[in-house]
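In: I would like to see how this sequence folds:
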Amino acid sequence: MTLTLDDLAPTDRSVAARTAAHSDRSGWSPGTPPDAVVRPGSIAEVQAVLRWATAERVTVVPRGAGTGLTGGASATAGQVVLDLSGLDAIESIDPVTGTAVVQPGVIVADLDRAAAAHGLRYAPDPGSVAIASIGGTIATNAGGLRCARHGGTREAVLGLDVVLADGELLRTGTAGPRSVTGYDLTSLFVGSEGTLGIVVRATVRLQPLPVSTATVAALFPDVATAAAAALTIPAADTLELLDGATLAAVDPVLATDGAAFLLIQLEGPSALAEAAALAYRIRPTAVRVDITDDPARSERLIATRRGALPAVQRLGRVLIEDVSVPRTALAETLAGIAAISDSTGVPVFTFAHAGAGVIHPLVLTDDGAVTPRVQETVDAIVALALRLGGTLSGEHGIGVLKRRWLADELDPVARTTLHRIKDALDPAGVLNPGKAI
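Out: Predicted coordinates:
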């Protein structure tokens, strides 16, 4: 008896389901919708689907919450979408070891709230924290507002359960604090965008909630001055920068007082004193500096930063880039982006995880279309970041939309090595083809 896909896991072939699953938050469309959406309810069902896919040579596109920004979860005719959102259990939280075991469909903010009940938190804090899934953030190695001190998702993942292309279940890493046994397979899968295996369970590191947090909000006369000030702040837990155009989109009233916004958070028992010292340091070049350790006021200031993307998106469709550069090149990169925008006439709204050098230029399209001048703007921004020693993606991944620039960053030997790894783990090429590498 030959098993069909419908025998292996719940399968939806409705037009609505296939249309909803054909793209991600990037808005990029690969063409016609996929053939089916499969919604496994267990690890065993994921294994069965991948065994079937490899045997039948059917390509599989893994999908979490669909919040990706590079087309990494896009699917088209002839492909099957593996929707992992139903694997959404927080299996355990251990306050003693400071770890949690979670399934890939868990929403990041839900894990953070569950950890808080034990006096803990999950450090990765992407802008889409309220809607992004753990599996998706692992797939792209997402960062976020706290990445300046705490790193991205890779630093928080201790171990993974991964279903390989042939259906085998691989367990990587350890729940212990450190292991150097064998190759670091956990890090290999974090950021692999579903091209090497399907993450079905993750053991992640949790941190104690800070005893105190202080927030500094500063306005500057221009983005260059704000970037220079950011460079003098090496140890902040959060260090975010908005340029004038972005600030005006988020809060027009606040933008009347300054042309750049710097948001800084410090944590720990001496947070307020450290914030006061920091404010004293940057005040000479700032238009205004405010300090608070009031949680409600801090949340309102954080909301200014979190509101950047939706505020700009209300102006029209944007291409959301995420180049990254050395912190010492932050000011030069921001100035270069502004010059590129002036040259092409395409509006660019920029905000940054300034503590980590990750920059998000939002390039406004021409009434939704990626016209030649829009593409020229994006190409120039990527080239600028690479010229200054940076990378074409700091946390969104490569997906489909950034593959055109891979050869500009990776040398031929590096690309060949990546393809050899892919071929070794997925010889039939069924896992998310055409993405990441």
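In: Report the buried residues of stretch 94-113.
Out: Applying a neighbour-count criterion of 16 or more other CB atoms under 10 Å, one finds 98-112 buried in stretch 94-113. (C-beta placed from N, C-alpha, C; glycine too.)
In: All the strands of the stretch 1-150 of the chain, residue numbers only.
Out: Secondary structure of the stretch 1-150 of the chain by DSSP state E, counting those that start in this stretch: the strands cover 11-12, 36-38, 59-63, 79-83, 90-94, 99-102, 120-121.
In: Wait, Gln265 touches Ile233, no?
Out: No - here Gln265 lies out of contact with Ile233, judged by CB atoms under 8 Å, at a distance of 10.8 Å.
In: what is in contact with those two at once?
Out: A shared contact of Gln265 and Ile233, defined by CB atoms under 8 Å, 6 or more residues apart in numbering, is any residue touching both; here these are Leu239.
In: neighbour count winner among the two?
Out: Under the criterion of other CB atoms under 10 Å, the comparison of Gln265 against Ile233 puts Gln265 first, with 24 against 19.
In: and the more buried one, what does it touch?
Out: Applying CB under 8 Å, 6+ apart, one finds that Gln265 lies in contact with 213-216, 236-239, 298, 302.
In: which intervals of the chain have sub-threshold pLDDT?
Out: Low-confidence segments of the chain, defined by pLDDT under 70, span residues 1-2, 176-177.
In: now, which of the buried residues of stretch 94-113 sits nearest Glu395?
Out: Within the buried residues of stretch 94-113, proximity to Glu395 (CB to CB) peaks at Val108, which comes in at 13.1 Å.
In: Give me the distance between the closest one and Gly144.
Out: Counting by CB to CB, to the nearest Å, the separation of Val108 from Gly144 is 9 Å.
In: shared neighbours of the two, which are they?
Out: Counting by CB under 8 Å, 6+ apart, the residues touching both Val108 and Gly144 are 124-126, 129.
In: Can you tell me which of those residues is nearest Thr70?
Out: When the shared contacts of Val108 and Gly144 are compared for distance to Thr70 (CB to CB), Pro126 wins out at 13.8 Å.
In: what number of residues lie near the closest one?
Out: Counted with other CB under 10 Å, the neighbours of Pro126 add up to 24.
In: and it, backbone torsions?
Out: Backbone torsions of Pro126, given as degrees, to the nearest 10, read phi -60, psi 160.
In: which residues touch it?
Out: Applying CB under 8 Å, 6+ apart to Pro126 gives the contacts 108, 132, 137, 142-145, 395.
In: Now distance to Ala339 too, for these, in a markdown table please.
Out: Output for the contacts of Pro126, formatted as a markdown table (distance: CB to CB, whole Å):
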| residue | distance to Ala339 |
| --- | --- |
| Val108 | 36 |
| Ala132 | 33 |
| Thr137 | 33 |
| Ala142 | 29 |
| Gly143 | 26 |
| Gly144 | 28 |
| Leu145 | 27 |
| Glu395 | 25 |
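In: Those in helices, which ones?
Out: Where the contacts of Pro126 overlap with helices, as defined by DSSP state H, the overlap consists of 108, 137.
In: Name the nearest of the contacts of Pro126 relative to Ala277.
Out: Proximity of the contacts of Pro126 to Ala277, judged by CB to CB, is greatest for Leu145, which lies at 21.8 Å.
In: Spit out the contact partners of Ile291.
Out: Applying CB under 8 Å, 6+ apart, one finds that Ile291 lies in contact with 214-216, 272, 275-276, 279.
In: ok, of those, which come out buried?
Out: Among these, those that count as buried by neighbour count (16+ other CB under 10 Å) are 214-216, 272, 275, 279.
In: Let me know the closest of those residues to Ala329.
Out: Among these, and counting by CB to CB, the member closest to Ala329 is Val216, at 23.5 Å.
In: Quick one: residues contacting the residue positioned nearest the centre of the chain.
Out: Nearest to the geometric centre of the chain sits Ala142, at 3.1 Å (CA atoms, centre = their mean). Remark: with contacts taken as CB under 8 Å, 6+ apart, Ala142 is in contact with 124, 126, 132, 136, 152-153, 395-396.
In: and which of the buried residues of stretch 94-113 is nearest Ser42?
Out: The closest of the buried residues of stretch 94-113, once distances to Ser42 are taken by CB to CB, is Gln103, at 10.0 Å.
In: The closest one is in contact with Glu91, isn't it?
Out: Yes - Gln103 is within contact range of Glu91, at 6.8 Å (criterion: CB under 8 Å).
In: Quickly list what's touching both of those two.
Out: With the criterion set as CB under 8 Å, 6+ apart, the overlap between the contacts of Gln103 and Glu91 is Arg201.
In: Give me the neighbour count for the closest residue to Thr333 other than its chain neighbours.
Out: If you skip the residues right next to it in sequence, Thr333 has Val325 as its closest partner in space, 4.9 Å away by CB to CB, 6 or more residues apart in numbering. Counted with other CB under 10 Å, the neighbours of Val325 add up to 24.
In: same thing with the one 3 residues further on?
Out: Taking other CB under 10 Å as the neighbour definition, Thr328 ends up with a count of 11.
In: Setting aside sequence neighbours, what's the nearest residue to it?
Out: Among residues not flanking Thr328 along the chain, Leu231 sits closest, at 6.9 Å (CB to CB, 6+ apart).
In: quick one, what contacts that neighbour?
Out: By CB under 8 Å, 6+ apart, the residues touching Leu231 are 327-328, 330-331.
In: thinking again about what came up before, which ones among the contacts of Gln265 are found in strands?
Out: Applying DSSP state E to those, the entries found in strands are 213-216, 238-239.
In: Touching, Leu401 and Ser74? I think so.
Out: No - Leu401 lies out of contact with Ser74 (CB under 8 Å); the separation is 9.3 Å.
In: shared neighbours of these two, which are they?
Out: Contact criterion CB under 8 Å, 6+ apart; residues shared by Leu401 and Ser74: 26, 28.
In: Those two: which has the busier surroundings?
Out: Neighbours around Leu401 and Ser74, counted as other CB under 10 Å, are more numerous at Ser74. The numbers are 29 against 23.
In: got a list of what that one touches?
Out: 22-24, 26, 28-30, 61, 399-400.
In: Could you identify the buried members of these?
Out: 22-24, 26, 28, 30, 61, 399-400.
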